[in-house]
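Asks: attaching a predicted model along with its sequence, questions to come.
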Amino acid sequence: MEEAIEVLCSRKTNRRTLASIGLNPSLEVSVEMRKAMMTSALASRQHFCCWQIAPSDNDARISLAKSGLLTCEDGSAEEVMSALRSLSAKSGGTNRKSYNAYIMDFLEITSSQDPSRRSRD
């Protein structure tokens, strides 16, 4: 459940929606408290249809195939998950339970390494 909340909250639209109703599930609170916050937010009629879905795995698939960790871009989700686990283990990353959490981590890492996304001081 923690990973699902983390993935949901990693999306910019979802963070804004949660902030607009005064919720911050990234605070150091118990898992039960986070579940309660998310249940309240997702059940709110005020923000019905204001949620962004989990990130696409397309960029991860392309990158993994180019690096040889995946035989082809349209491999099964199990193959992608295996490649992401392998990559995460090699880089000392977190051991995740869900596919979407691995995709989120991969996209965060590649985004942070993208020179066009770095600040220009």
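Replies: Great, that's in hand.
Asks: from now on I want contacts and neighbour counts done on CA atoms only, so please keep to that.
Replies: OK.
Asks: for this protein, just list every one of the helices.
Replies: Along the chain, counting by DSSP state H, helices occupy 2-10, 12-20, 31-43, 58-66, 77-90, 99-113.
Asks: between the first one and helix 99-113, how many degrees?
Replies: When axes from the mean of the first three to the mean of the last three Cα atoms, to 10 degrees is applied, the directions of helix 2-10 and helix 99-113 differ by 40 degrees.
Asks: before we move on, what about the third one?
Replies: Orientation check (the same axes, to 10 degrees): helix 31-43 against helix 99-113 gives 90 degrees.
Asks: run the angle between helix 31-43 and helix 12-20 for me.
Replies: Using the same axes, to 10 degrees: helix 31-43 against helix 12-20 is 100 degrees.
Asks: got the buried residues for helix 31-43?
Replies: Within helix 31-43, the residues that count as buried by 16 or more other Cα atoms under 10 Å are 34, 37-38, 41-42.
Asks: need those in CSV (columns: distance to T71 and pLDDT).
Replies: Output for these, formatted as CSV (distance: Cα to Cα, whole Å; pLDDT from 0 to 100):
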residue, distance to T71, pLDDT
R34, 38, 79
M37, 41, 80
M38, 38, 80
A41, 40, 78
L42, 38, 78
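Asks: can you spell out the domain ranges of the protein, please?
Replies: 2-47, 58-116 (automatic domain parsing).
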